[in-house]
Structures are given as structure tokens and as C-alpha cells.
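Participant: coordinates only, sequence not included:
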Ligand SMILES: [Zn+2]
């Protein structure tokens, strides 16, 4: 299901729980950034959504991956030049080693580094948030107070740490890091999204009170 959150931001929420796939987000604000394109064989819903916006794949400027798991990244292979691709360097090396023989991961055009990132007229902050994977990042869109979390936190939940490269202590530290941000939209890698400052705060409270004891 595609939802317009506000002018320039669309969410493609994955709702079929018989098949695993991630939520995908499109920033269409000057430059077009597609965050986590998802599984290759489940890409039709993104294609459909983009078509309804009268966008073709080559009109996407950048594919940005929160991390390298195939349910987030595999469909990157549908995109060719001039669309660029970016991911954290540590994550790229990790996923190449782990899954490079299983699916084709293009060479990034640049790497995501902790700190400020400007794309077109939009200003973001890349936050290193390892734990679910070694090079997971969250992306904070400063002007809009939007936090894209990948698989670090969910609505009432947290990312798995039992997969290769997972680390629960790191995940806890990463969650503590993102809790302090001023967030109107918490845009998660799976499940529902959380909107409204108070709802986001409450979501972090639940995570702290319940899930932290498991980390
Ligand atoms: Zn993942």
C-alpha cells in the first residue's frame, strides 16, 4: 500500500505477512531518493506506486540502503545508471561477504558516513546504528523531523540480533542514540509506522521498558 505522508514523502508499506519484505520510502523533494527497495520478486508494488506517481525507475536519483539484508536491498539490481546507490562501507563489505554469491549487489557510488549528508536541497544526518547488522544506519531528515530506522526499531519492537553480524549490546546503544532525536515520523523497516511526536516518544518508552531487558 502506498501512502503519501506529506508533499515529498511516500511510504510503501508492506502488508502481506505471508511473505517477508520491507517497507520502502520515497523522498521526492527535488532529488528522488528511494530508501530500501526490498526484495526483487516482490518489487511489483513499488513499480505500481511509482507508475501512479508517473515515475519510471530511471527517474529515481538515488537508492539508499539502511542495511544490506536482501529483503531491503535485493531490488537495487533493477536500477541502472543514472540512478546512484549508497550504503555504509562496513555494511557493503559485510553483505558482499555474506550474500554476494546469492544476489548481485552493485558497487556503491558513494558510502554513507556518520554525520551530515546533503542531497539536492535536503539535509540529512546519517546515524551509525550497528547491532542488527554491523553497518546499519538510520537516516534523519532534519527539516521534516523524519527518522528512517531500517531494522533498528519498529512499532513496539526492535530488530533481530541473532542473524550473522548481529550484536545485542550494540543494538541497545544504537537505540539509545536515536531516542533523543526530535521525531514526527518514525519510519520503520517492517510493520506499521509511528507518527506524531508523542506516539514516537511512547514507542521508545515501550522499547526501553520492555525490550531493553532482552538486550
Ligand atoms: Zn534486516
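Facilitator: Received the coordinates, thanks. Everything numeric here is computed off the predicted structure, so don't read it as measured data.
Participant: Would you state the helices of the protein in chain order?
Facilitator: Taking DSSP state H to define them, one finds helices in the chain at 44-52, 70-73, 89-99, 168-179, 197-210.
Participant: average pLDDT across stretch 166-178?
Facilitator: Averaged over stretch 166-178, pLDDT sits at 98.
Participant: Over to stretch 68-78?
Facilitator: The average pLDDT for stretch 68-78 rounds to 97.
Participant: Which positions in the protein make contact with the ion?
Facilitator: Neighbours of the ion within the chain, by CB under 5 Å from the ion: 69, 151. No exception for glycine: its C-beta is placed from N, CA and C like everyone else's.
Participant: Using TSV, lay out the helices of the chain together with mean neighbour count.
Facilitator: As requested, the helices of the chain are exported to TSV (neighbours: other CB atoms under 10 Å):
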stretch	mean neighbour count
helix 44-52	15
helix 70-73	24
helix 89-99	18
helix 168-179	18
helix 197-210	15
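Participant: Just put those in a markdown table and tack on distance to residue 161.
Facilitator: A markdown table is the format used below for the helices of the chain (distance: least, CB to CB, whole Å):
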| stretch | distance to residue 161 |
| --- | --- |
| helix 44-52 | 28 |
| helix 70-73 | 16 |
| helix 89-99 | 14 |
| helix 168-179 | 4 |
| helix 197-210 | 14 |
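Participant: Nearest approach to residue 29 belongs to which of these?
Facilitator: helix 44-52 (15.4 Å; CB to CB).
Participant: The closest one - contacts with which helices or strands?
Facilitator: Using 3 or more CB pairs under 8 Å, 6 or more residues apart in numbering; DSSP states H and E, the elements in contact with helix 44-52 are strand 2-6, strand 9-12, strand 24-29.
Participant: between that helix and strand 24-29, how many degrees?
Facilitator: For helix 44-52 against strand 24-29, the angle by axes from the mean of the first three to the mean of the last three CA atoms, to 10 degrees is 20 degrees.
Participant: Most tightly packed of the helices and strands packed on helix 44-52?
Facilitator: strand 24-29 (a mean of 22; mean count of other CB atoms under 10 Å).
Participant: So which residues make contact with that one?
Facilitator: 7-12, 14, 32-38, 46, 49-50, 53, 55, 60, 120-122, 141, 148, 187 (CB atoms under 8 Å, 6 or more residues apart in numbering).
Participant: and if you look at stretch 81-96?
Facilitator: Residues outside stretch 81-96 that contact it (CB under 8 Å, 6+ apart): 57-58, 60-65, 67-69, 73, 76, 79, 105-113, 126, 128, 130, 133-137, 165.
Participant: What about these, which are in strands?
Facilitator: 62-64, 110-112, 126, 128, 137 (DSSP state E).
Participant: Kindly indicate the member of these with the most neighbours.
Facilitator: residue 137 (30 neighbours; other CB atoms under 10 Å).
Participant: Identify the bridge partners of that one.
Facilitator: Per DSSP bridges, the residues bridged to residue 137 are residue 128.
Participant: Test my guess that it contacts residue 66.
Facilitator: Yes - under the criterion of CB atoms under 8 Å, residue 137 is in contact with residue 66, at a separation of 5.9 Å.
Participant: hmm, who's touching stretch 10-19?
Facilitator: Under CB under 8 Å, 6+ apart, the answer for stretch 10-19 is 1-5, 21-26, 28, 38-39, 42, 45-46, 49, 53, 187, 190, 192-193.
Participant: my bad, should have said stretch 190-207
Facilitator: Residues from elsewhere that reach stretch 190-207, judged by CB under 8 Å, 6+ apart: 5, 11, 13-14, 22-23, 145, 147, 151, 153-158, 175, 179, 182-188.
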